[in-house]
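> Below are the sequence and a predicted model; questions follow.
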Amino acid sequence: MSSQKINSLIDLNLTQYSGQTSQSPWRHNSMENIDKFDELIYLKVPSIIDGLDDKTINLNGLPVLLNLSQDKDNINGFEYTYSLPQKVEKQAFSIGQDNLSKKELQSIEREIDSNLNNIYDLEFDLEKFYEFLLEDEKLAPSVDFCKGLRLFIAKDPFECIISSICSANNSIARWTASIDKIKLNWGEKVEFDEGMFYGFPSPKDFLDFYETPIEQSEADGRRYEVDCYTKNLKSCGVGYRAPYMKKASQMLIDEIDMNDVSKMAYDEAFDLILRLPGVGPKVADCILLYGFGFQEAFPSDVWIKRIVSHLYFDGEDISADKTREFGIERFGDYAGYAQLYLFHYARKSGLMDEIKNK
DNA sequence: CATCAGGCCCTCA
DNA sequence: TGAGGGCCTGAT
């Protein structure tokens, strides 16, 4: 398999490990070379691909495994290879192909490129954004610390919603571990030569999950205890967020169509997402930014609050709500990126430690 | 054994 | 309308 090239300014390592609240990290392909970003991601490309003889072939969401690699001293692009699981290749056999044709492979590659464009926000003009940053005295230093950092957009909005609910009042290590457990327990399994990979359960799947290891049930007029450990959300370490996740899933089935959200204006989408249980202003903005691509969102957690307070309000203690209003007002369509750059600039420059010790 | 972690929910002025 | 207490859980 020849490797494909993407030519865009991006630092994969920085982007991947900047702790953005959209998805748990991917899987290292090799730990041997630390000077190289070398990771595997499993995703599904859209279902229809162009086949031979002007026919289209429905592979119903073709699973592909991508191996992305980038030398850490070259952030002007990256390369990837991809592989398909044996199971799906057999589906191709069943529709009369003894292998995928060149045309079909090209179609798949186009879809992969399109997915990578979305996930890494590659259409975003970083150079233009840097001009914007340099005009702001406070933001200007961030350019040197964050060169090549891009938004890391979720593959799946629902996964992003659950991940974001999970991240509230939590540590990065814990919420990512919980999400990994959920995928391991209940995600669709797809086997590649490189190993087993897992999808994320659907909203409907979540309705079947229990909130505690033992639940009371009633039948024949009497109560008894049911061992539901195997479908127990709390066994994934999500704690009191388990009922939030279940109720949110129910609402996403009954009353909120995720397909509508991206068509809405930001304010309207914000109010809608805010109705989900376990979702406050900060989590709502994370969902809109990382799950739906609303770049005018300004997720305001305690750190952004402290940073904004320090840089723009002379250290005066301001509320998270006021921080959010400030970010949206001041940075406009760049709010999401400004938040990302502020956070990592503060972390890398030592500003965060300085504020913390106050 | 406390404390705390990239908030949210609920209660009560 | 907003301030403040309590909270699953696992790491330190």
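Yep, it's here.

> Every contact and neighbour count from this point should use C-alpha atoms.
OK.

> Spell out which residues of chain A are next to DNA strand C.
Counting by Cα under 7 Å from any atom of the strand, chain A comes close to DNA strand C at A:169, A:170, A:174, A:234, A:235, A:236, A:237, A:238, A:239, A:240, A:241, A:319.

> quick one, helices of the stretch 51-200 of chain A?
For the stretch 51-200 of chain A, helices defined by DSSP state H, counting those that start in this stretch occupy the ranges A:86-94, A:102-119, A:126-135, A:142-146, A:157-167, A:172-186.

> contacts for the third one?
Where contact means Cα atoms under 8 Å, 6 or more residues apart in numbering, the residues beyond helix A:126-135 that reach it are A:9, A:139, A:140, A:141, A:142, A:143, A:148, A:334.

> Could you measure from the first one over to residue A:76?
Okay, so that is residue A:9. As judged by Cα to Cα, to the nearest Å, residue A:9 and residue A:76 stand 4 Å apart.

> Over to the second one?
The span separating residue A:139 from residue A:76 equals 23 Å under the rule Cα to Cα.

> cool, the fourth one as well?
Distance, residue A:141 to residue A:76, using Cα to Cα: 21 Å.

> Next up, the contacts around the closest residue to DNA strand B within the stretch 201-350 of chain A.
Nearest to DNA strand B, among the residues of the stretch 201-350 of chain A, is residue A:280, at 2.9 Å (Cα to the nearest atom of the strand). By Cα under 8 Å, 6+ apart, the contact list for residue A:280 reads residue A:274.

> What of the one 10 residues further on?
Residue A:290 sits next to A:20, A:21, A:22, A:151, A:152, A:153, A:154, A:160 when contact means Cα under 8 Å, 6+ apart.

> Tabulate those residues (TSV), appending neighbour count.
Shown next, in TSV, are the contacts of residue A:290 (neighbours: other Cα atoms under 10 Å):
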residue	neighbour count
A:20	19
A:21	25
A:22	26
A:151	25
A:152	25
A:153	24
A:154	25
A:160	24
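
> Please tabulate those residues in CSV, including the columns pLDDT and distance to DNA strand B.
CSV is the format used below for the contacts of residue A:290 (pLDDT from 0 to 100; distance: Cα to the nearest atom of the strand, whole Å):
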residue, pLDDT, distance to DNA strand B
A:20, 83, 5
A:21, 76, 5
A:22, 72, 9
A:151, 96, 11
A:152, 93, 11
A:153, 93, 12
A:154, 92, 13
A:160, 95, 12
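
> State whether residue A:40 and residue A:26 are indeed in contact, as I suppose.
Yes: between residue A:40 and residue A:26 a contact is recorded at 6.1 Å, counting by Cα atoms under 8 Å.

> Give the closest residue to residue A:346 in space, chain neighbours not counted.
Leaving aside its chain neighbours, residue A:346 sits nearest to residue A:352 (5.0 Å; criterion: Cα to Cα, 6 or more residues apart in numbering).

> re earlier: out of residue A:141 and residue A:76, which sits in the more crowded spot?
Remark: of residue A:141 and residue A:76, residue A:141 carries more neighbours, 17 against 14, as counted by other Cα atoms under 10 Å.

> DNA strand C: which of the contacts of residue A:290 is nearest?
The closest of these to DNA strand C turns out to be residue A:21 (Cα to the nearest atom of the strand; 16.8 Å).

> quick one, what contacts that closest one?
Residues near residue A:21 by Cα under 8 Å, 6+ apart: A:160, A:163, A:164, A:167, A:286, A:290.

> And those residues, which is closest to DNA strand C?
Of all the contacts of residue A:21, residue A:167 has the smallest distance to DNA strand C: 9.6 Å, by Cα to the nearest atom of the strand.

> and residue A:23, what element?
Assigned by DSSP states H and E, residue A:23 belongs to no helix or strand.

> Settle this for me: it is touching residue A:160, isn't it.
Yes: in terms of Cα under 8 Å, residue A:23 counts as a neighbour of residue A:160; the distance is 6.3 Å.

> need the strands for the stretch 1-150 of chain A, in chain order.
For the stretch 1-150 of chain A, the strands defined by DSSP state E, counting those that start in this stretch occupy A:4-6, A:27-28, A:36-45, A:48-50, A:56-58, A:62-71, A:78-83.

> Need the contact partners of the third one.
Read it as strand A:36-45. A:12-13, A:26-30, A:61-72, A:108, A:111-112, A:115, A:155, A:197-199.

> Among the contacts of residue A:21, which pair sits farthest apart?
A:167 and A:290 (13.2 Å; Cα to Cα).

> wait, what's in contact with residue A:349?
Residue A:349 makes contact with residue A:145, according to Cα under 8 Å, 6+ apart.

> quick one on the thing from earlier: helix, strand or coil for the residue nearest to residue A:346?
Under the three-state scheme (DSSP: H, G, I helix; E, B strand; the rest coil), residue A:352 adopts helix.

> Write out the residues of the stretch 1-150 of chain A neighbouring DNA strand B.
Counting by Cα under 7 Å from any atom of the strand, the stretch 1-150 of chain A comes close to DNA strand B at A:18, A:19, A:20, A:21.

> Touching, residue A:288 and residue A:296? I think so.
No: assessed by Cα under 8 Å, residue A:288 is found out of contact with residue A:296, at 9.0 Å.

> Neighbour count for the two, which is higher?
The residue with more neighbours, out of residue A:288 and residue A:296, is residue A:288; 26 against 22, by other Cα under 10 Å.
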